[in-house]
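Q: Take this sequence and fold it.
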Amino acid sequence: QVQLVESGGGLVQAGGSLRLSCVVSGRALGIYVMGWFRQAPGQEREFVATISRSAHATYYADSVKGRFTISRDDAKNTVYLQMNSLKPEDTAIYYCAAQVGPYNVFLLSSAQYHSWGQGTQVTVSS
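A: The predicted structure is shown next:
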């Protein structure tokens, strides 16, 4: 049974930066395709970013492209989401997700992920 624990959320002013971490335990991170999703109040959960097992393939939502960077450190069993130039519309609970998958594949849909963390709140003030 794999567990995912997010951290690094908080309150930041618009234009600021945060780095979210997702620590994976129970199984080695290296077997998982990883993703970040977010959910704002009253809205559906939406895709943010994904990274393949190889780390060579990444994909971002248009709304965060050029501002957010997903990365992974399999030796530390940790996935990161570096968020720069934050905007008030980035305010949401951020979730990491894991799914066992092929080496050079990324996954865009929440339905494709089997394991989820509990989320970390990110609030961006204007």
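Q: The residue nearest to V33 when sequence neighbours are not counted: neighbouring residues, count only.
A: The spatial neighbour of V33 that comes closest, neighbours along the chain excluded (C-beta to C-beta, 6 or more residues apart in numbering), is G101 at 4.0 Å. No exception for glycine: its C-beta is placed from N, CA and C like everyone else's. Neighbourhood size, G101 [other C-beta atoms under 10 Å]: 17.
Q: quick one: pLDDT of G101?
A: Looking at G101, its pLDDT is 90.
Q: Quick one: residues contacting I51.
A: 33-35, 57-58, 70-72, 79, 106 (C-beta atoms under 8 Å, 6 or more residues apart in numbering).
Q: ok so, going back, my guess is the residue nearest to V33 meets M34, correct?
A: No: the pair G101 and M34 does not pass the contact test of C-beta atoms under 8 Å, sitting 9.6 Å apart.
Q: Show me the residue at the heart of this protein, geometrically.
A: In the chain, the centroid-proximal residue (C-alpha atoms, centre = their mean) is W36; its distance is 2.4 Å.
Q: pretty sure it contacts R45?
A: No: W36 lies out of contact with R45 (C-beta under 8 Å); the separation is 10.8 Å.
Q: which sections of the chain are below the confidence cut-off?
A: Of all residues in the chain, none has pLDDT under 70.
Q: Just read off the phi/psi values of E89.
A: phi -70, psi -10 (degrees, to the nearest 10).
Q: What residues does G16 make contact with?
A: Applying C-beta under 8 Å, 6+ apart, the residues near G16 are 86, 124.
Q: what's the distance between it and I31?
A: G16 sits 34 Å away from I31, going by C-beta to C-beta, to the nearest Å.
Q: go on, A14?
A: Taking C-beta to C-beta, one finds A14 at 38 Å from I31.
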